[in-house]
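**Student:** what's the 3D shape of this:
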Amino acid sequence: MSSQPLRRTKIVVTLGPALDQSEVLKRAIMAGADVFRANFSHGSVETHEKRINMVREIAEECGKTVAILADLQGPKIRISRFQNQKINLTEGQTFVLDTELGNDEGNEESVGLDYKSLPRDVRPGDTLVLDDGRIVMLVQKIEINRIHCTVVVGGELSNNKGINRLGGGLSAAALTDKDRMDLIEAVRLKADYIAISFPRNADDVKEARVLLRAAGGNAGIIAKIERAEAITNIEEIIRTADAVMVARGDLGVEIGDAELPAAQKLIIHLAKRLNKPVITATQMLESMTYNTIPTRAEVLDVANAVLDGTDAVMLSGETAVGKYPDKAVAAMDRICLSAEKNPHNNSFRRLKEPQFKDVDEAIAMATMYTANNLDIKAIIALTESGTTPLWMSCVTSSIPIYGLSRHQSTLCRMALYRGVYSIPFDATHLDRRILNQTAVEELQKRNIIKDGDLVIITKGDLIGVHGRTNSMKIYTVGEKA
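**Tutor:** Residues are numbered from 1 along each chain as shown. Next comes the predicted model:
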């Protein structure tokens, strides 16, 4: 039996120059990376393709199943550039945001805008926050294409920084022309998940799904919650998406940093109740971009997300451009494992409504209730789509769930699910009389279980058919079926 503790919370790692060396990437995979994020806000499609191919090759060498997440850029709500790259703003000074100013003509008095609709989206009295909240301006008046502001919080402002309206309300569509092209490329690269940025409501998610189907793709759609409007429409967004991400950077700017903790807890709670995976992201171990260890505040931040039930925690700049990408993954792994030892985090909790919509769901819930109240060592879920393991993962438990599937896409999708571990297994050619025993032997070969252990096996009567899980069996390892 392996003595290595199993981490249930998954780790999402952002690709970038820091992981371009194969040895560094291999160390990150071995340290515990489960999902690799290609950020389409930066780099060419060719660069993303090269990185994704390298991830898959090295993961296969290491015997690990990992998922690929293509993160679309979304609307560029940014200022343009300055003649001297940056300026200093002082409190009380006037400053103009001018859509007609050239891209490189910004100065101490005004700067251009990439987002040309901003003058139509704001009103006098609105608060604009720039550079993730470091600069704050109050709108005084609008003259057609010019927004006259007073600086409330000053400081250094450099090229292409983001701009938000406090409280949200910007009309920018979630999917741009660039996103539409990048989505097609993500399908070509066989991404397992595609994240859409700045969705306002369920319609934005539905539009992405229509485009995905038209491109011939079947990836899971992740809705990044980073607009104030998304919080208002959060339940419909979660129901429509395949997963959600608490994108705390822009979200914190739009709703205010003090409101962020409650919003994070709400999103995680709703996602678990609605059987959808949730990723907690942004600045989780940001100090490790330059340091070999995290701050204590960062440790607490990651641990609290784990204790709240997040499926995954994400590293951004720490692994994309940081000096110690593999150490950041190892630190995240260590923190998650420690947080998961908490007894409250292991106790049986069910957030789902009392009514089941599907037989598969009823089997999943019955399995988890039984596993948590009997000395079950492992759950073996024979699955085509991964849906039954997903439902199981939404129940708080310390029992490992092994998703056995013949489909590589299903194995990769399950890499995001909390407490679910993917194992390649083709049941379609097996006699049903030896199916259970063969599945159990697969785990025995991997030193996961041993003779005498109790396990639960879930499967459908019709092997190889999606959505037909209708049975659970309690099985003693070593006994004949």
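
**Student:** buried residues in the helix or strand containing Asn470?
**Tutor:** Per DSSP states H and E, Asn470 falls inside strand 469-476. By neighbour count on 16 or more other CB atoms under 10 Å, the buried set for strand 469-476 is 469, 472, 475. To be clear about C-beta, it is placed using only N, CA and C from the backbone, and glycine gets the same treatment.

**Student:** hey, what's the first one bridged with?
**Tutor:** In this case it means Thr469. Gly460 (DSSP bridges).

**Student:** isn't it up against Gly460?
**Tutor:** Yes. At 4.8 Å, Thr469 counts as touching Gly460 under the criterion of CB atoms under 8 Å.

**Student:** need the overlap of contacts for the two.
**Tutor:** Taking CB atoms under 8 Å, 6 or more residues apart in numbering as the contact rule, the neighbours common to Thr469 and Gly460 are Leu382.

**Student:** shaky segments in the chain?
**Tutor:** 1-4, 343-355, 461-467, 480-481 (pLDDT under 70).

**Student:** spatially central, which residue of it would that be?
**Tutor:** Ile279 (3.8 Å; CA atoms, centre = their mean).

**Student:** could you say which helix or strand holds that one?
**Tutor:** Ile279 belongs to strand 278-281 when assigned by DSSP H and E.

**Student:** other SSEs contacting the strand holding Asn470?
**Tutor:** Packing contacts for strand 469-476, counted by 3 or more CB pairs under 8 Å, 6 or more residues apart in numbering; DSSP states H and E, involve helix 359-372, strand 376-382, helix 432-445, strand 454-460.

**Student:** thinking again about what came up before, out of the buried residues of strand 469-476, which is nearest to Glu57?
**Tutor:** Thr469 (33.0 Å; CB to CB).

**Student:** return the residues in contact with that closest one.
**Tutor:** Contacts of Thr469 by CB under 8 Å, 6+ apart are 359-360, 363-364, 381-383, 387-388, 458-460.

**Student:** how about a markdown table for those residues, with neighbour count and distance to Thr9 added?
**Tutor:** Formatted as a markdown table, the contacts of Thr469 follow (neighbours: other CB atoms under 10 Å; distance: CB to CB, whole Å):
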| residue | neighbour count | distance to Thr9 |
| --- | --- | --- |
| Val359 | 14 | 29 |
| Asp360 | 22 | 24 |
| Ile363 | 22 | 25 |
| Ala364 | 29 | 20 |
| Ala381 | 29 | 19 |
| Leu382 | 24 | 24 |
| Thr383 | 30 | 21 |
| Thr387 | 20 | 21 |
| Thr388 | 28 | 20 |
| Thr458 | 24 | 23 |
| Lys459 | 24 | 27 |
| Gly460 | 21 | 29 |
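
**Student:** adding distance to Asn342, write these out as JSON lines.
**Tutor:** Formatted as JSON lines, the contacts of Thr469 follow (distance: CB to CB, whole Å):
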{"residue": "Val359", "distance to Asn342": "33"}
{"residue": "Asp360", "distance to Asn342": "30"}
{"residue": "Ile363", "distance to Asn342": "28"}
{"residue": "Ala364", "distance to Asn342": "24"}
{"residue": "Ala381", "distance to Asn342": "25"}
{"residue": "Leu382", "distance to Asn342": "31"}
{"residue": "Thr383", "distance to Asn342": "29"}
{"residue": "Thr387", "distance to Asn342": "28"}
{"residue": "Thr388", "distance to Asn342": "27"}
{"residue": "Thr458", "distance to Asn342": "27"}
{"residue": "Lys459", "distance to Asn342": "32"}
{"residue": "Gly460", "distance to Asn342": "35"}
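
**Student:** what about dumping the CA coordinates of stretch 221-236 to PDB?
**Tutor:** The C-alpha trace of stretch 221-236 is given here as PDB (Å, rounded to 0.1, in the frame of the first residue of the first chain):
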ATOM      1  CA  ILE A 221     -16.700  25.600 -20.000                       C
ATOM      2  CA  ILE A 222     -15.300  27.400 -17.000                       C
ATOM      3  CA  ALA A 223     -17.000  30.800 -16.100                       C
ATOM      4  CA  LYS A 224     -14.600  33.200 -14.500                       C
ATOM      5  CA  ILE A 225     -16.400  35.200 -11.900                       C
ATOM      6  CA  GLU A 226     -14.800  38.700 -12.100                       C
ATOM      7  CA  ARG A 227     -17.700  41.100 -12.600                       C
ATOM      8  CA  ALA A 228     -20.100  42.600 -10.100                       C
ATOM      9  CA  GLU A 229     -23.000  41.600 -12.400                       C
ATOM     10  CA  ALA A 230     -21.800  38.000 -12.300                       C
ATOM     11  CA  ILE A 231     -22.400  37.900  -8.500                       C
ATOM     12  CA  THR A 232     -25.900  39.100  -9.100                       C
ATOM     13  CA  ASN A 233     -26.500  36.300 -11.600                       C
ATOM     14  CA  ILE A 234     -24.200  33.800  -9.900                       C
ATOM     15  CA  GLU A 235     -26.700  30.900  -9.600                       C
ATOM     16  CA  GLU A 236     -27.700  30.900 -13.200                       C
END
